[in-house]
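> need a structure here:
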Amino acid sequence: MGMLQFSVSQDAEGVFRFKGELTIHGIEYLKKFLDTSFAHAKKISICMAGVTFADTASLQLLIAFRRSLKPETEWRLLELSPELEKILEISDLKNSLIR
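Model (predicted):
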């Protein structure tokens, strides 16, 4: 198993900032982070400006997590990096991640 290639921090406004590469090597950490950090959240804001790569496993996990949210939970992806924007465009998954 490879080393974790991404990090998550939270800013003063409550926005979670993802940075690095979202790959299958960090999928267990990402799932645990999503499940524990947002279990009872009413508003989820994630900034993806620092994401330089995302593989299909991580995208599928993010999509499945978003779909599992209650309808009243606000989900926002902010500031997609140019690399992530292109990956989502090519894979035609942008609408699956952004409400």
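> bridging residues for residue 9?
Counting by DSSP bridges, residue 9 is bridged to residue 17.
> Hmm, it is touching residue 16, no?
Yes: using Cβ atoms under 8 Å, residue 9 is in contact with residue 16, at 7.4 Å. (Each C-beta comes from the backbone N, C-alpha and C, glycine too.)
> When those two are compared, which one has more neighbours?
residue 16 (18 against 11; other Cβ atoms under 10 Å).
> Any idea how far apart the tips of stretch 5-13 sit?
25 Å (Cα to Cα, to the nearest Å).
> and it, which residues are buried?
6, 8 (16 or more other Cβ atoms under 10 Å).
> Only the C-alpha atoms, please, for the longest helix along the chain, written as CSV.
For the chain, the longest helix by residue count, based on DSSP state H, is helix 56-68. The C-alpha trace of helix 56-68 is given here as CSV (Å, rounded to 0.1, in the frame of the first residue of the first chain):
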residue,chain,number,x,y,z
THR,A,56,-12.0,6.6,-10.5
ALA,A,57,-12.0,4.9,-7.1
SER,A,58,-11.9,8.3,-5.2
LEU,A,59,-14.4,9.9,-7.6
GLN,A,60,-16.8,6.9,-7.1
LEU,A,61,-16.4,7.2,-3.3
LEU,A,62,-17.2,11.0,-3.4
ILE,A,63,-20.2,10.4,-5.7
ALA,A,64,-21.6,7.6,-3.5
PHE,A,65,-21.1,9.7,-0.4
ARG,A,66,-22.9,12.7,-1.9
ARG,A,67,-25.8,10.4,-3.0
SER,A,68,-26.0,9.0,0.5
